[in-house]
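> make a model of this:
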Amino acid sequence: MPAIGSTTTPNISFTLANNAVTGMSQSVGAKSYAVKLPTNATFSIAQPNAVIETIKGSTTTEVVKYVAPAGSTKYLVAQDTVTFAKPTTTLSSGLTNGYSFTIANGAVTAEQHVMGNSAHTTTHSYTLPPSTVASSSASGVTKTQVLGNAVVTTKFVQPTAGGLYAVASINSDFIDAGNSKTLLSVNPMDRMMFTVSGGKVMQAQQVNASGTASAVPTNSHVSFSVLAPSLVQETITFGNHSSYEVYYQGTAAKGVYTEVAHGSGATIDLVGLQAQLSHIPGNLLSFL
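Residues are numbered from 1 along each chain as shown. Have a look, this model is predicted:
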């Protein structure tokens, strides 16, 4: 049940008796609320600081790993994995719901979502976001991407040889913010290009979904600053209120920066944000 817990702030508590979970609660601010344990869930305690919840449904099995940071008695969600018992491209209503991929030399360059019935289907094509790495093998297609503070890996298989692909499993590994006051939050669709000279941003351009770029008009409300190599902060100020977005450029990003954090105020915990970025697998981080 990962929805009940923040993946950045420990706020889940367990009642343990005889090495078993007998109760669960969630803290919201200064208050704590009991959470009813699902009847189809089992718990195991992984020493020294982890609890594993396994939820068995009629078609899926979900495994949630809760971890308590050192020195804390409260847990956060560290990992969530959903596995489909019998992946299928046919819904219970009989409608088709599956995927196809554009594949060249084992590399996946585009994804198509196919829906409909025997008389009519519609296909929506998607260009994979920059924070996505996808590959094909004899066992199926694996797509890994960074979203928010999670590294999400989706595996697809073909229930029928040569047919559409179905989702076989979805695994989310959440990156712990630790004590950082700036939280990792990757938005692969918010991208910018910056012209930097002498440690200052001379020009900013917004990268559109089509890949084209348009200049960001300069005004008294928007400012840009270089936080560190490959990290630029945009600060927006109206009256006494400020908000920020932080953009990161990976080594393979070819001059394009991706939003990796946002929030209120104008102060960035640079060390804390860099620590979180370091936990993103290198092959994904390089394309941000």
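> please enumerate the strands of the stretch 51-200 of the chain.
60-67, 76-84, 96-104, 107-116, 121-127, 132-137, 140-147, 150-157, 166-174, 187-197, 200-207 (DSSP state E, counting those that start in this stretch).
> could I get the ones you listed as TSV with mean pLDDT and mean neighbour count?
For every residue, glycine as well, the C-beta is placed using N, CA and C. What follows is those, written out as TSV (pLDDT from 0 to 100; neighbours: other C-beta atoms under 10 Å):
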stretch	mean pLDDT	mean neighbour count
strand 60-67	96	19
strand 76-84	96	20
strand 96-104	94	17
strand 107-116	93	15
strand 121-127	91	11
strand 132-137	92	16
strand 140-147	95	19
strand 150-157	97	19
strand 166-174	97	19
strand 187-197	95	16
strand 200-207	95	15
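> what residues are up against the residue nearest the centre of the chain?
In the chain, the residue lying closest to the centroid (C-alpha atoms, centre = their mean) is L147, at 2.5 Å. By C-beta atoms under 8 Å, 6 or more residues apart in numbering, the contact set of L147 is S131, V186, P188.
> redo these as JSON lines? Include distance to Y99.
Shown next, in JSON lines, are the contacts of L147 (distance: C-beta to C-beta, whole Å):
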{"residue": "S131", "distance to Y99": "19"}
{"residue": "V186", "distance to Y99": "23"}
{"residue": "P188", "distance to Y99": "19"}
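> which among the residues you listed gets closest to S27?
V186 (26.2 Å; C-beta to C-beta).
> can you tell me the closest non-neighbouring residue to the closest one?
V146 (4.6 Å; C-beta to C-beta, 6 or more residues apart in numbering).
> give me the distance between the one you found and T60.
24 Å (C-beta to C-beta, to the nearest Å).
> now swap in N105 and tell me
N105 is 33 Å from T60, by C-beta to C-beta.
> same thing with V186?
Counting by C-beta to C-beta - V186 and T60 are separated by 26 Å.
> cool, and N117?
Distance from N117 to T60, by C-beta to C-beta: 24 Å.
> ok, A252 next?
The separation that A252 has from T60, given C-beta to C-beta, amounts to 35 Å.
> and of the contacts of L147, the nearest to K65?
Of all the contacts of L147, V186 has the smallest distance to K65: 21.0 Å, by C-beta to C-beta.
> quick check: that closest one touching L288?
Yes: in this structure, V186 is within contact of L288 by C-beta atoms under 8 Å, at 6.8 Å.
> shared neighbours of the two, which are they?
The contact lists of V186 and L288 share S131, V146, T258, V260, where a contact means C-beta under 8 Å, 6+ apart.
> report the buried members of those.
Applying 16 or more other C-beta atoms under 10 Å to the shared contacts of V186 and L288, the neighbour count classes S131, V146, T258, V260 as buried.
> redo those residues as TSV? Include distance to N171.
Listed next are the buried ones among the shared contacts of V186 and L288 as TSV, based on distance: C-beta to C-beta, whole Å:
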residue	distance to N171
S131	16
V146	13
T258	22
V260	21
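> test of understanding: give the bridge partners of the spatially closest residue to N11 that is not a sequence neighbour.
In space, and not counting its chain neighbours, N11 is closest to S27: 4.3 Å by C-beta to C-beta, 6+ apart. In this structure, S27 bridges to S32 when assessed by DSSP bridges.
> contact partners for S27?
N11, I12, S13, Y33, K74.
> and Q274, that one's in a helix?
Yes: per DSSP: H, G, I helix; E, B strand; the rest coil, Q274 lies within a helix segment.
> for it, list the residues it contacts.
Q274 neighbours (C-beta under 8 Å, 6+ apart): A228, L231.
> re the thing from before, among the buried ones among the shared contacts of V186 and L288, find the lowest-pLDDT one for me.
When the buried ones among the shared contacts of V186 and L288 are compared by pLDDT, S131 scores lowest at 80.
> quick one: furthest residue from the center of this protein?
A119 (36.3 Å).
> re the thing from before, need the strands of the stretch 51-200 of the chain in JSON lines with distance to S225, can you?
JSON lines is the format used below for these (distance: least, C-beta to C-beta, whole Å):
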{"stretch": "strand 60-67", "distance to S225": "35"}
{"stretch": "strand 76-84", "distance to S225": "31"}
{"stretch": "strand 96-104", "distance to S225": "40"}
{"stretch": "strand 107-116", "distance to S225": "36"}
{"stretch": "strand 121-127", "distance to S225": "31"}
{"stretch": "strand 132-137", "distance to S225": "29"}
{"stretch": "strand 140-147", "distance to S225": "24"}
{"stretch": "strand 150-157", "distance to S225": "28"}
{"stretch": "strand 166-174", "distance to S225": "29"}
{"stretch": "strand 187-197", "distance to S225": "10"}
{"stretch": "strand 200-207", "distance to S225": "7"}
